[in-house]
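Engineer: next comes the sequence, and after it the predicted model I'd like to discuss.
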Amino acid sequence: GRSEKTTKREEKPADRGLQLGGKAFGLLKAQQEERLDEINKQFLDDPKYSSDEDLPSKLKAFKEKYMEFDLNGNGDIDIMSLKRMLEKLGAPKTHLELKKLIGEVSSGSGETFSYADFLRMMLGKRSAILKMILMYEEKAREQEKPTGPPAKKAISELP
C-alpha cells in the first residue's frame with residue numbers, strides 16, 4: 001500500500017503548460033512526477049541496475065527527459081506524443097516508423113510505452129532506435145555549447 005505521508009509541497013505556479021487550465025495540469029504533472037519517482041526507486045533497488053554508481057543521476061536525467069514528452073492520462077507515451085517529440089528534436093518519423101519505435105520499447109500492447117519501459121530501454125544493453133535518437137540528441141546538445149566558429153551557413157546562403 002501507500003504510506004500515509006501528507007507532505008504538502010510548496011504551491012509553485014506551474015510555468016509550463018498553462019494552456020491546460022494551469023492548476024489541473026500542474027497537479028497532473030506533479031502526480032506523474034511522483035509516479036516516475038516511485039519507478040526510479042524500484043530501479044535503484046533492482047540488482048540488475050543498482051551496480052551502476054551513476055544510476056541516481058541517470059534516473060534523474062531520464063525522468064526529466066521523459067517529462068518533456070506529452071504524457072497521456074496514464075503517464076505513458078503514445079504515438080502522437082512520440083511524433084511531436086521527434087519533430088521537436090528534428091528527427092521526424094513516419095507513422096509506420098513510430099509504431100516500430102514504440103514496439104521496440106513497449107512491454108505492453110505496442111501502442112504506448114511506459115516510463116519503466118523507457119528506463120529499461122535507456123539502461124539496457126539493447127540499442128533501440130529511439131535510444132539512439134535520444135543519445136544522439138544529448139551528444140549534439142553537449143556540442144552546442146557556443147565555442148568556435150559560427151554555424152555553417154546553408155549552401156543556399158553561400159555567395
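Structural biologist: Alright, I've got the coordinates. Residues are numbered from 1 along each chain as shown.

Engineer: tell me the contacts of the most centrally placed residue in the chain?
Structural biologist: In the chain, the residue lying closest to the centroid (C-alpha atoms, centre = their mean) is Tyr66, at 1.9 Å. Listed by C-beta atoms under 8 Å, 6 or more residues apart in numbering, the contact partners of Tyr66 are Leu36, Ile77, Tyr115, Phe118. Every C-beta, even on glycine, is put in place using the N, C-alpha and C of the backbone.

Engineer: now do Ile133
Structural biologist: Leu86, Leu89, Ala91 are the contacts of Ile133 under C-beta under 8 Å, 6+ apart.

Engineer: how about Glu137, what does it touch?
Structural biologist: Glu137 neighbours (C-beta under 8 Å, 6+ apart): Leu89, Ala91.

Engineer: which helix or which strand is home to it?
Structural biologist: Here Glu137 sits within helix 129-143, counting by DSSP states H and E.

Engineer: would you mark the buried spots in that helix?
Structural biologist: Residues of helix 129-143 classed as buried by neighbour count (16 or more other C-beta atoms under 10 Å): Leu130, Lys131, Ile133, Leu134, Glu137.

Engineer: again, but for stretch 88-96
Structural biologist: Quick answer for stretch 88-96 (16+ other C-beta under 10 Å): Ala91, Lys93.

Engineer: now do stretch 109-124
Structural biologist: For stretch 109-124, the neighbour count (16+ other C-beta under 10 Å) marks Thr112, Phe113, Ser114, Tyr115, Asp117, Phe118, Leu119, Arg120, Met121, Met122, Leu123 as buried.

Engineer: likewise stretch 34-51?
Structural biologist: Leu36, Ile39, Asn40, Phe43, Tyr49.

Engineer: export those to CSV and tack on pLDDT?
Structural biologist: Formatted as CSV, those follow (pLDDT from 0 to 100):
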residue, pLDDT
Leu36, 96
Ile39, 96
Asn40, 97
Phe43, 96
Tyr49, 91
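
Engineer: most widely separated two among those?
Structural biologist: Spatially, the most separated pair among the buried residues of stretch 34-51 is Leu36 and Tyr49, at 15.4 Å (C-beta to C-beta).
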